[in-house]
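When you get a sec, could you give me coordinates for this:
(one chain, ligands or ions: 1)
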Amino acid sequence: MLEEIIRRREEAKLQGEPILRDKSFELLLSVIEKRQPKSILEIGVNLGLSGIAMLLKLKKASLSGIEIDEEKAKLAKENYKFFGVEERAKIFLGDAGEIIPILSGKYDFIFLDGPKGHYYEFVQNLIPLLNKGGVLFADNVLFRGYVDGRVKTPRRFNTTKHSMENFLEYITTKDNLKTEIHDLEDGVSITEKLYE
Ligand SMILES: C[S@@+](CC[C@H](N)C(=O)[O-])C[C@H]1O[C@@H](n2cnc3c(N)ncnc32)[C@H](O)[C@@H]1O
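Take a look at the predicted model:
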């Protein structure tokens, strides 16, 4: 089954879909295998391939995803069915900025992979949704090399870059959070919530 996910990921890349990069995908799977979360929230589902891969590794876990694009959400649901995880995966269709604040569940693992300019806004509502010991895994946190200054930021990306810097400051300075930043592909952060 995982080979079929990898095949579909290759196909999606060729079609220009913004799916999680290879090494970050491997890191995601290694973290969930180690942590064994039971409840997962994914912000930005796209075709659902990362979510399915996680569910295939974790036979008892369930996944809630948030996706703004109706067509992508439809394709992701078809993929959930194809891989036989549809009983354990659901999608909230809409803007994560509106949906996150009204979520009431608690999660062991949150995969943040939605609109890059909104991570700082989102994180403040996401941390309270994490169980103690839960993990927030965020992709693109070094945002094309703009965040650490390796690449000069084009003016049109200044706002997104600032939001990402605020996000990184938040997850690295709050006392109840322990964060590792991985300089891998577009940058991944892994944050554990130590206490409420
Ligand atoms: C990088 S892709 C997600 C890839 C997916 N997590 C994976 O690992 O294959 C980002 C997704 O976020 C969705 N998105 C963008 N803005 C959003 C928003 N405001 N709310 C919810 N989803 C959003 C896009 O439609 C896109 O499908």
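
residues near whatever residue of the chain ends up closest to the ligand, how many?
For the chain, the residue closest to the ligand is Gly44, as judged by CB to the nearest ligand atom, at 2.7 Å. C-beta coordinates here come from the backbone N, C-alpha and C atoms, glycine included. The number of residues packed near Gly44 is 22, by other CB atoms under 10 Å.

same thing with Tyr195?
Tyr195: 8 neighbours (other CB under 10 Å).

Just give the number of residues close to the nearest residue to it once chain neighbours are set aside.
Of all residues beyond its chain neighbours, the one nearest Tyr195 is Asn176 (5.0 Å), with distances taken as CB to CB, 6 or more residues apart in numbering. Using other CB under 10 Å, Asn176 has 12 other residues around it.

do the same with Gly84
12.

Is it correct that it falls within a strand?
No. According to DSSP: H, G, I helix; E, B strand; the rest coil, Gly84 belongs to no strand; its state is coil.

What residues does this protein have near the ligand?
Counting by CB under 6 Å from any ligand atom, the chain comes close to the ligand at 18-20, 42, 44-46, 49-50, 66-69, 72, 95-97, 113-115.

Which among those residues count as buried?
19-20, 42, 44-46, 49-50, 66-68, 72, 96-97, 113-115 (16 or more other CB atoms under 10 Å).

Now, those residues that are in strands?
Those of these mapping onto strands are 42, 66-67, per DSSP state E.

got the residues you listed as JSON lines, with pLDDT columns?
Shown next, in JSON lines, are these (pLDDT from 0 to 100):
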{"residue": "Glu42", "pLDDT": "98"}
{"residue": "Ile66", "pLDDT": "98"}
{"residue": "Glu67", "pLDDT": "98"}
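
Which one of those is nearest to Val141?
If you rank those by distance to Val141 using CB to CB, Glu42 comes first, at 16.2 Å.

Pretty sure that closest one sits against Ile100.
No. Glu42 sits out of contact with Ile100 when judged by CB atoms under 8 Å, with a separation of 11.8 Å.

Quickly list what's touching both of those two.
Ile66 (CB atoms under 8 Å, 6 or more residues apart in numbering).

could you measure the closest residue to Gly48 other than its chain neighbours against Val85, distance?
Of all residues not flanking Gly48 in the chain, Ala76 sits nearest, at 3.2 Å (CB to CB, 6+ apart). According to CB to CB, to the nearest Å, Ala76 and Val85 sit 11 Å apart.

which one's the longest helix in the protein?
helix 158-173 (DSSP state H).

returning to what we had before: for the residue nearest to Tyr195, give me the pLDDT.
pLDDT for Asn176: 98.

follow-up on the earlier one: would CSV of the ones in strands among the buried ones among the residues of the chain next to the ligand with distance to Ser24 be doable?
Below are those laid out as CSV (distance: CB to CB, whole Å):
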residue, distance to Ser24
Glu42, 14
Ile66, 19
Glu67, 19
